[in-house]
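Q: need a structure here:
(2 chains)
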Amino acid sequence: MKSKLSAWTYVKNNKRTVAVLVTALALSFMAMYAAYVLLITTSESFETVMTEMPKKVSYASLGGRAYGLKGDDYETYEELEAAYDKKQADLVESLKKHPGIEDAYYTQIISSTYQAVMGAYSFEMPLMEPGQVQGFLDHVEAKLVRGSMPKEAGDVLVDETIMKNGGYELGDWYQKNIYGETFRIVGTIQSKGLVSVGVPNGYTNNGWYIVVYNDETATDLTGILQENGIVLGDGDKVWDAKAYYEAYRKDVGDTIDMVVTTLFVIVMTFLAILVLVSYVSFMRNRIKEYCLYASIGYGRGEIYGMMLREMMILFGLGAVMGLLVSLGTAYLLNVTVIEPKGLIGHVVYGGHIQRILGTYVFLMGVLQIPVLFGLYRIKTIDAIED
Amino acid sequence: MFEVKNICMIYDMNTDVKTHALKGFDLSLPDKGLIGIIGPSGSGKSTLMYCLSTLKTPTDGSIVYNGTELTAIGNTEKERLRRKEFGFIFQKHYLVPYMTAMENCLVAAVQKGTEAQKKAEAFFRDLGLAEKEWNKKPAKLSGGQCQRVAIARAMINDPKVIFADEPTASLDHENAFNVMKILKKYSEDRLVLVVTHDRSILTDADRIIEMWDGEISR
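A: Residues are numbered from 1 along each chain as shown, chains lettered A, B, ... in the order given. Here you go, the predicted structure:
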């Protein structure tokens, strides 16, 4: 076996020091990963609602101008209202005939709220007559899993994830803080887009919308409305796939990305400084050892090779331990925080693991600066004894 | 083995007060034998040893080792010589604190593995280092034991030359005598250069070079 300065000797004989370094690296790995898991669960949970729901249902609330109506053209408000109703009814009929649209009607909506780790998102929940509910459930591929179908005014069906998220039980008042004792949960449904549905109970002041049952070929409601001569203005609201995605990107995705990146940069900066300072001190403590190696004939390249291998072992152990601890922590977070709150989360986020590992490689790169400086300061023992 | 011509070593070359550690002398050393270099502090004996062992490059003059001009070779060749043909016993033992006695000995081995391990064990036995000490770290060994580990480390590659700088400085009289006996035995077919200011350890030396103020006085 040809001689090479062994990196394992240091690791083997300095278990306590190595354990401290490896644990510090592993804990920083875990901190970055756990923070990411908690933050990204917000994004993932909202993404489900905001991307799945518009594949099946879109909403439009249009003012008179969108139909080309002007108040000045009508003598009374009643005439204007009649013209508006006529235009709207014509539009609804036209939408029903559009390819990819199964049904459309004008109805009240209320807000359904989904509370994540960071922030909450409110989305549309249509109200309809009891006889229409089964058709809605069929269209959104939702099924009743507990309770009964709505029969009375104010009966609502709520997605089981939202039930869990809001801590609701069957028979509870839904969104009592907003609507008071208006909507009672009579059933739990299971759906991909976390949809909920109910029967109106008077006027709830959340607005009236045209509800469109679309399929994935007709998710661009804005375009379809424009094809129908609708001119959208500032006061008009269209919630279709594009609008939901834009809202998701702006309000959720970008914000979460920014927070994650900021946290990541802060943690990494502190970690880089800590590792740098620790490593310089680590090298200083071993300078005589390096001088001995140089004196008995090991070249600087061989000494550097040993230092690099030691560093790789430390970071490798830190990464392996950090990965295991992080996955364990992510699992615990999923079981104790994320799933009980009806949020969507995973244990493994490959992209983020790669990002942290990439940072470790970057840190190792940064450490080459003191290592290379130190390497050129290595003297032979005669110089020390002088 | 060594042919030294007009060797000069000047420290602080760029300052007004220059120190002439070696003042230009010739010296010839054989392939084997125990050679003592003796002199008071500052006489240049350690500088001479460092120049011969390639740790220092003389300011002027020539050192030929087995036909190779040491002042003309590059660092890689110097490292090869120090690694394979020279062994070092420094004044302080310079053992690596976190390594065991055995690991400290083997760190210098050119060929690692069982053979090197057996060789190290044999040296430890010859040097009187008990087996129970082999896995101890330097902090748990006495000064004498550390020095014996350093001697074993110097011999592990069967070097052609051993350079020993005050090898018995930290040893009691009995251990010092034992160490010199081992070095004497080693010098039967190799060259051992011992730098010291203690003449009493050189009773078995084949030759004693006395140095004074950078020159060979005798």
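
Q: Who are the contact partners of residue B:64?
A: Residues in contact with residue B:64 (CB atoms under 8 Å, 6 or more residues apart in numbering or on different chains) are B:2, B:3, B:4, B:5, B:70. For glycine as for every other residue, the C-beta is placed from the backbone atoms N, C-alpha and C.

Q: Now with 6 Å, please.
A: residue B:3 (CB atoms under 6 Å, 6 or more residues apart in numbering or on different chains).

Q: shaky segments in the chain?
A: Defaulting to chain A. By pLDDT under 70, the weakly predicted segments of chain A are A:1-3, A:383-386.

Q: oops, chain B please
A: Checking chain B against pLDDT under 70 turns up B:13-14, B:16, B:218.

Q: spatially speaking, which residue is in the middle of it?
A: Nearest to the geometric centre of chain B sits residue B:163, at 1.8 Å (CA atoms, centre = their mean).

Q: name the element that one belongs to?
A: strand B:161-165 (DSSP states H and E).

Q: ok, residues contacting that strand?
A: Applying CB under 6 Å, 6+ apart, the external contacts of strand B:161-165 come out as B:46, B:49, B:53, B:86-91, B:154, B:191-195.

Q: Sitting in strands, which of those residues do you find?
A: Applying DSSP state E to the contacts of strand B:161-165, the entries found in strands are B:86, B:87, B:88, B:89, B:191, B:192, B:193, B:194, B:195.

Q: Only alpha carbons, please: show stretch A:284-296 as PDB.
A: Provided in PDB are the C-alpha atoms of stretch A:284-296 (Å, rounded to 0.1, in the frame of the first residue of the first chain):
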ATOM      1  CA  ARG A 284      -3.800  27.000  13.400                       C
ATOM      2  CA  ASN A 285      -4.000  24.200  15.900                       C
ATOM      3  CA  ARG A 286      -2.400  21.800  13.500                       C
ATOM      4  CA  ILE A 287       0.200  24.000  11.900                       C
ATOM      5  CA  LYS A 288       3.100  22.100  13.600                       C
ATOM      6  CA  GLU A 289       1.700  18.900  12.300                       C
ATOM      7  CA  TYR A 290       1.700  20.200   8.700                       C
ATOM      8  CA  CYS A 291       5.300  21.400   9.300                       C
ATOM      9  CA  LEU A 292       6.300  18.000  10.400                       C
ATOM     10  CA  TYR A 293       4.800  16.400   7.300                       C
ATOM     11  CA  ALA A 294       6.700  19.000   5.100                       C
ATOM     12  CA  SER A 295       9.900  18.200   7.000                       C
ATOM     13  CA  ILE A 296       9.800  14.500   6.600                       C
END
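
Q: residues of it that come out buried?
A: A:286, A:288, A:289, A:290, A:291, A:292, A:293, A:294, A:295, A:296 (16 or more other CB atoms under 10 Å in any protein chain shown).

Q: quick one: the strands in chain B?
A: Here chain B has its strands, by DSSP E, at B:2-11, B:19-29, B:33-38, B:60-65, B:68-69, B:86-89, B:161-165, B:191-196, B:207-212, B:215-216.

Q: Just confirm yes or no for the first one near chain A.
A: To tie it back to what came earlier, the one meant is strand B:2-11. No - judged by CB under 6 Å from any CB of the partner chain, strand B:2-11 and chain A are separated, with a smallest distance of 8.0 Å.

Q: Also the longest one?
A: No - no part of strand B:19-29 sits close enough to chain A to count as contact by CB under 6 Å from any CB; the gap is at least 9.8 Å.

Q: residue contacts, the residue in the stretch 101-250 of chain A that chain B sits nearest to?
A: Nearest residue of the stretch 101-250 of chain A to chain B: residue A:117, at 45.3 Å (CB to the nearest CB). Residues near residue A:117 by CB under 6 Å, 6+ apart: A:38, A:41, A:42.

Q: CSV for those, including secondary structure and distance to residue A:183?
A: Below are the contacts of residue A:117 laid out as CSV (DSSP: H, G, I helix; E, B strand; the rest coil; distance: CB to CB, whole Å):
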residue, secondary structure, distance to residue A:183
A:38, helix, 31
A:41, helix, 27
A:42, helix, 26
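
Q: Pipe those residues into JSON lines and attach distance to chain B per row.
A: Shown next, in JSON lines, are the contacts of residue A:117 (distance: CB to the nearest CB, whole Å):
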{"residue": "A:38", "distance to chain B": "40"}
{"residue": "A:41", "distance to chain B": "45"}
{"residue": "A:42", "distance to chain B": "47"}
